[in-house]
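Engineer: coords below, sequence missing:
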């Protein structure tokens, strides 16, 4: 969405989300290859993945190539989190899941956002079990909705076994259901 400022400068609002990787890459390419007269004054990134209020950090990382390309074109980039993720008041179910995971009672775990990864780690840390998670995930099939969530998992030593062919909930559930039996058995044999 383009807008024109009162001073005659151009502005651009870009809505980013996990499934918009190809669009942001295209914008970064455009920003790097646009003719020099095409300068940008101000860019506002509305990040739908928001901010993880429990840590005060972004729940996902911005596209660094996009930001660099836009700034090279003269843009002043301002990130605006659209909403914040917080832990629920009752963390009992998540605490129960951490305990079951560490005790080897879970076969498949599905993550649909990077905020879920952060919250799992936060609760496990509070329980004194954070260091046990990477090993606990060894025999467990880890399913991630898409690349941003997978990156968050891998940054914390949790390998991802399956991403759906499209980063959508329906694809995630269907493909995990279709493939999890054989994949869980294969992981168990390795561990």
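Structural biologist: Yes, it's here. Just so it is clear, the structure is predicted and the values come from calculations on it, not from any experiment.
Engineer: ok, and what's touching the top helix by length along the chain?
Structural biologist: Secondary structure of the chain per DSSP state H: the longest helix is helix 169-190. Helix 169-190 is contacted by residues 107-108, 110, 112, 138-141, 143, 145, 161-162, 164-165 when judged by Cβ atoms under 8 Å, 6 or more residues apart in numbering. C-betas here are computed from N, CA, C, even on glycine.
Engineer: narrow those to just the buried residues.
Structural biologist: 108, 110, 112, 140, 141, 143, 145, 161, 162, 164 (16 or more other Cβ atoms under 10 Å).
Engineer: ok, which pair from the residues you listed is furthest apart?
Structural biologist: 140 and 164 (17.5 Å; Cβ to Cβ).
Engineer: do you have the helices of the protein handy? List them.
Structural biologist: 21-33, 64-72, 92-102, 114-126, 133-136, 147-155, 169-190.
Engineer: quick check, nearest of the contacts of helix 169-190 to residue 75?
Structural biologist: residue 145 (29.8 Å).
Engineer: where's residue 165 relative to residue 129, distance?
Structural biologist: 33 Å (Cβ to Cβ, to the nearest Å).
Engineer: could you do residue 102 as well?
Structural biologist: 5 Å.
Engineer: same question for residue 65.
Structural biologist: Taken as Cβ to Cβ, the span from residue 65 to residue 129 is 37 Å.
Engineer: tell me the confidence at residue 20?
Structural biologist: With respect to pLDDT, residue 20 has a value of 44.
Engineer: cool, and residue 61?
Structural biologist: 48.
Engineer: then the one 3 residues further on?
Structural biologist: pLDDT for residue 64: 72.
Engineer: ok so, going back, closest one of the contacts of helix 169-190 to residue 122?
Structural biologist: Among the contacts of helix 169-190, and counting by Cβ to Cβ, the member closest to residue 122 is residue 112, at 17.0 Å.
Engineer: sweet, I'm off.
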